[in-house]
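*Asks:* What follows is a predicted structure for the sequence shown.
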Amino acid sequence: MQHFKVKLFATAQDAPVHEAIAVFHRWIQESALDETLIDVADYLHVPQGPGIILVAHEGIYSLDTENGRLGLTYTRRTALDGTDEERLRQAVEAVRRVAELLESSPEFHGKLAFDRGQWEVAVNDRLLAPNTPETFEKLQPALAGVFPGKQFAHTGERRQLLRVAVS
Amino acid sequence: MKASNPQWRDVLASRIAPHLAAEIDRFDNEAALKKQGKLEDKVFAETRLRRGAYGQRYDNGQRYDGKVARTLTYPSANTKGPHTLWDAPGMQRIKIPYGGLNAEQMEVLAELAEEYSDGIAHVTTRQDFQLHFIHIEDTPTIMRRLAAVGITTREACGNTVRNVTGCPIAGVCRTESFDVTPYAHALTHFLLGHPDCQDFGRKFKISFSGCRDEACALAHMHDLGALAVIKEVNGQPKRGFEVLVGGGLGTVPQQAKLLTEFLPEEELLPTAQAICRVFARLGEKKNRNTARLKFVIQKIGIEEFRRLVAEERTVLAQDERWTAFLANVDGAAEQAAKPSALLQITGAHDIGFERWRSTNVYAQRQAGYVTVTVSLPLGDITANQLRKLADIARSYVRETVRTTVEQNMVLRWVSEADLPALYAELASVGLSEAGAGTVVDVVACPGTDTCKLGISSSRGLAGELRSRLGAKQWELDEAIRGLHIKVSGCFNSCGQHHVADLGFYGVSRNKNGYTVPHFQVVLGGQWERNAGSYGLAIGAVPSKRVPDTVERIAERYLSERTPGESFHAYIGRIGKAKAKLMIEDLMTVPPHDVDPSFYVDWADAREYTTGDIGVGECAGEVVSPIEFQLTACEREVFEAQLALEANEIARASTLAYEAMMHAAAALLSWRVLPLGDGPDGIAANFKTQFIDTELFWDPFAGGKFGQYYLAAHERHMAWKAGGAGPDQDATRRLIEESQLVIEAAHSCYAKLASQKAA
Ligand code: SF4
């Protein structure tokens, strides 16, 4: 499987998300991430939308309210070598690192924090990973490898991407 | 690039018509050849444009990050067009003829937005969808997935017949002559890929409207606008169209001219074909800046154009498609999903619902049915919202959904009794926002967010205006709530600012050694009567002062209007001088150290200016003489507008011309170059020093603005030597051109000043 999409939920819903515009632009100036950072886009006007996004060649980071909950999402765009578990781990690690950077960004004044126990994993490719119980089964080893000791629940409606709640 | 791309072709093979599959396969192969370096950049660029795959900002690999111009390092050095890197994200435009969509198509658009873009599908001002941040290698798969549900991206961009637009309420409208949908459908398919439409020098836009007086299809600003008309012929009602040609916005807007008052329905397709053939034959091919149909008509006159079209019509080979569709024009009418029933409100009064109902619900001609507008902020909709809308379209109506040129979507044939339930379902995904078609429903082009040509942040400004006006919309007077605001990121008018009550287009100004984002204020355009008239610019205000500008103008309108006076009429009555006076104090920019926020655009955090401009200690106080001179030129253009208003054509024309000449002289003097002898000397020296050297050069428009000046000079001199004088139309155009020449002079000065400082 390719193109994992991983979300880490925020502890509170009222963080000053708009500050991410300045933070993401600063990261581009400082080359703060290893990826090729391209641009920032503001979608705060869209309810339950992508919020503020940081577009990289390899993937997109968003501080979003998709499905009604604030969180940090990484969506892998380019393909990666390795096993399913390695690819999932890459996305999870990308989220962890950016979450730490966001939490410590002075622009947020400590008002943005993430709950490391609340994740959601999706696969952003309907052909490689149709949203079925079979794909969910197939994903189990990778999930167990990356999130040892966690519970996994297949969520969302049939037309959405395969989504797994990790808690 | 998606790992699944190679598999999609096989998976969808049985679901795509063979000729469409073959077309996409060809494009896929061309992309592969380009990747191997076997196709020329400019050839592949036109190929992908014709399939709707467009470039996006920073795709030359350079981006100013607020401090330095940074090179974006992509894995591949390959290109997909001149100065366009292969790996740089691009935009995919998706044609939706007359905005008509079904539920399955919405679901596929949702999937594509999610899997290939940034989760957002964007509705444009011409009823298309756009997906941004797309990788070129994903585009053939996107096209296949769309083709499998009956959508093509063919001829979505490039020098082609673009998306055919039409009234979103055609067929259910209370004022239409008849439903234009089957005609728009027939013409779309007739012209798509038609051999007579493959050799245009520029794009060709068509719109259909069911009546003359509403705004829905903006017929006056199209290359071909068709207004439904019923005429009595031999005692029988006969369907046909009033046909308008040669309209357009762009840099210099032009109202369409009347080709014929009544074109019988069976003549619609062949006449459109004849128009396309005349355009292909006579339209400019080398200079894209004068290649739209409006320039052909300007050059030869509407009489001659009419004659040529009639002549061309007679030589066309008979085509059965011209009339075959007419057998079904009535049978094509949509049906409701549910019986009509009137709304019964029981229980508590829901203020949110009532407000939404007052702005977003239109009573159809068919009793008991309504059309519901789903407001999309800045035209944006998420994948989840699109899926929900598809569900709603299946359960409440027979999937009768359309996009609108105001960047919204409508659900037609809703049984009135279903409104509360429908509202609740929309609210569950954040789609129940009220205010459709009102002052909060601000229209904006992509601007600096993603457009390569954007000067100021149109979406950032529109978002700011939406939230400020939205917070108090229910306290606003009805007259203010009914205004239209439209924003373009540059003079190209994609946000249709010319036809708004309050229009804005992005410009920049060099102030105190910094470049500052501004918007030109364009007042008094008319959205109604199918874009009945265009507004004129009254002056530029800094981006950050636009919300105050809107507030100021709205307040004055409210307090000064006569009973029932429209904004368009009010601006006409007070005149542009008074309108300008109203906002003159808002045209200033505070020094950088007093308020640096003016030097950063909306929804951005980067300093707008190029960081390498030297900023001395007293930069705040230093104003170069050229800045004064260019400001004086702006004043001259403004005075020209006033003279035109007063019907002083000769004076208006002279002022507009002289404004250009003075701008040219200002640039020559600033570079310490000779002015030469009189107007001829200035024109000759400016040509050699600025135009031939391409110093006076716009990245998009090239040397167009310089040519405006030289052409105006020639005409002016010929007139003064006893030739024909300008008429009202030509003077109006000259004023627009003069404004653009001065904008270009500002940009030229800013560019050269920054180079000098570096
Ligand atoms: S008006 Fe200008 S900025 Fe806006 S989309 Fe058109 S070209 Fe781009």
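*Replies:* Cool, got the structure.
*Asks:* secondary structure element for the residue of chain A most remote from its centre?
*Replies:* Of all residues in chain A, A:Glu134 has its C-alpha farthest from the mean position, at 23.1 Å, by C-alpha atoms, centre = their mean. In this structure, A:Glu134 sits in helix A:133-146 according to DSSP states H and E.
*Asks:* Mind listing what's buried along that helix?
*Replies:* A:135-136, A:139, A:142-143, A:146 (16 or more other C-beta atoms under 10 Å in any protein chain shown). Every C-beta, even on glycine, is put in place using the N, C-alpha and C of the backbone.
*Asks:* repeat for stretch B:564-572
*Replies:* Buried, per 16+ other C-beta under 10 Å, within stretch B:564-572: B:566-568, B:570-571.
*Asks:* Report pLDDT for the residue farthest from the centre of chain A.
*Replies:* pLDDT, A:Glu134: 96.
*Asks:* how near is it to B:Glu354?
*Replies:* From A:Glu134 across to B:Glu354, the span is 48 Å (C-beta to C-beta, to the nearest Å).
*Asks:* Residue of the stretch 401-550 of chain B closest to chain A, please.
*Replies:* B:Gly430 (2.6 Å; C-beta to the nearest C-beta).
*Asks:* Next one: that residue relative to B:Asn384, how far apart?
*Replies:* Distance from B:Gly430 to B:Asn384, by C-beta to C-beta: 9 Å.
*Asks:* Could you do A:Ala113 as well?
*Replies:* With C-beta to C-beta as the criterion, A:Ala113 and B:Asn384 are 25 Å apart.
*Asks:* So if I had to pick from the two, which one is more boxed in?
*Replies:* Comparing A:Ala113 with B:Asn384 by other C-beta atoms under 10 Å in any protein chain shown, the one with more neighbours is B:Asn384, at 23 against 14.
*Asks:* tell me the SS of that one?
*Replies:* The three-state assignment at B:Asn384 reads helix, by DSSP: H, G, I helix; E, B strand; the rest coil.
*Asks:* Now do the SS call for the closest residue to B:Lys704 other than its chain neighbours.
*Replies:* The spatially closest residue to B:Lys704, leaving aside those adjacent along the chain, is B:Asn289, at 3.8 Å (C-beta to C-beta, 6 or more residues apart in numbering or on different chains). Secondary structure, three-state DSSP: B:Asn289 is helix.
*Asks:* do the one 10 residues further on as well
*Replies:* Reduced to three states with three-state DSSP, the structure at B:Lys299 is helix.
*Asks:* quick one: contacts for it?
*Replies:* Under the criterion of C-beta atoms under 8 Å, 6 or more residues apart in numbering or on different chains, B:Lys299 has no neighbours.
*Asks:* and the gap between it and B:Thr290?
*Replies:* 9 Å.
*Asks:* one step back: quick one: neighbours of the residue of the stretch 401-550 of chain B closest to chain A, just the number.
*Replies:* B:Gly430: 19 neighbours (other C-beta under 10 Å).
*Asks:* Could you do A:Arg159 as well?
*Replies:* A:Arg159 - counted by other C-beta under 10 Å - has 15 other residues nearby.
*Asks:* That one reaches B:Arg387, doesn't it?
*Replies:* Yes: taking contacts as C-beta atoms under 8 Å, A:Arg159 lies within contact range of B:Arg387: 5.5 Å.
*Asks:* List the contacts of the strand of greatest length in chain A.
*Replies:* The longest strand of chain A (DSSP state E) is strand A:114-123. For strand A:114-123, contacts defined as C-beta under 8 Å, 6+ apart pick out A:1-11, A:71-72, A:88, A:92, A:96, A:99, A:102-103, A:129, A:135, A:139, A:143, A:147, A:150, A:155, A:160-167.
*Asks:* same deal with stretch B:24-33?
*Replies:* B:9, B:16, B:39, B:44, B:47-48, B:51, B:136-137, B:139-140, B:143-144, B:147.
*Asks:* switch to 7 Å and redo it
*Replies:* B:39, B:44, B:47, B:51, B:136-137, B:140, B:143-144, B:147 (C-beta atoms under 7 Å, 6 or more residues apart in numbering or on different chains).
*Asks:* and the residue of the stretch 301-450 of chain B found nearest the ligand, how many residues sit next to it?
*Replies:* Residue of the stretch 301-450 of chain B nearest the ligand, by C-beta to the nearest ligand atom: B:Cys445 (3.2 Å). Using other C-beta under 10 Å, B:Cys445 has 30 other residues around it.
*Asks:* Retrieve the pLDDT associated with it.
*Replies:* B:Cys445 is given a pLDDT of 96.
*Asks:* wait, isn't it in contact with B:Ser493?
*Replies:* No: counting by C-beta atoms under 7 Å, B:Cys445 does not reach B:Ser493; the two are 8.2 Å apart.
*Asks:* returning to what we had before: from what I see, the residue nearest to B:Lys704 and B:Phe705 are in contact.
*Replies:* No: assessed by C-beta under 7 Å, B:Asn289 is found out of contact with B:Phe705, at 8.9 Å.
*Asks:* Regarding stretch B:554-569, how distant is the last residue from the first?
*Replies:* 14 Å (C-alpha to C-alpha, to the nearest Å).
*Asks:* and stretch B:403-419 with chain A, contact?
*Replies:* No: under the criterion of C-beta under 7 Å from any C-beta of the partner chain, chain A is not reached by stretch B:403-419; the shortest gap measures 11.9 Å.
*Asks:* Give me the buried positions along stretch B:49-58.
*Replies:* B:49-58.
*Asks:* mind listing what the residue in the stretch 601-750 of chain B positioned nearest to the ligand touches?
*Replies:* The minimum distance from the stretch 601-750 of chain B to the ligand, using C-beta to the nearest ligand atom, falls at B:Phe700 (7.1 Å). By C-beta under 7 Å, 6+ apart, the contact set of B:Phe700 is B:Leu453.
*Asks:* any idea how far B:Glu242 is from it?
*Replies:* 34 Å.
*Asks:* just B:Arg162 next, same as before
*Replies:* 21 Å.
*Asks:* Now B:Phe705. Nearest residue, chain neighbours left out?
*Replies:* Using C-beta to C-beta, 6+ apart, the nearest residue to B:Phe705 is B:Ala744, at 3.9 Å.
*Asks:* Can you verify my assumption that A:Val98 contacts A:Leu72?
*Replies:* Yes: contact status for A:Val98 versus A:Leu72: in contact at 6.2 Å, counting by C-beta under 7 Å.
*Asks:* what is in contact with those two at once?
*Replies:* With C-beta under 7 Å, 6+ apart as the test, A:Val98 and A:Leu72 both reach A:Tyr61.
*Asks:* B:Trp527 is in contact with B:His498, isn't it?
*Replies:* No: the pair B:Trp527 and B:His498 fails to qualify as a contact (C-beta under 7 Å) at a distance of 10.0 Å.
*Asks:* Quick one: neighbours of B:Glu354, just the number.
*Replies:* Quick note: B:Glu354 (other C-beta under 10 Å) scores 12 neighbours.
*Asks:* and if you look at B:Ala3?
*Replies:* Neighbours of B:Ala3 (other C-beta under 10 Å): 15.
*Asks:* Identify the residue nearest B:Ile275 in space, chain neighbours excluded?
*Replies:* B:Val309 (5.5 Å).
*Asks:* hang on, that neighbour in a strand?
*Replies:* No: using three-state DSSP, the secondary structure at B:Val309 is helix, not a strand.
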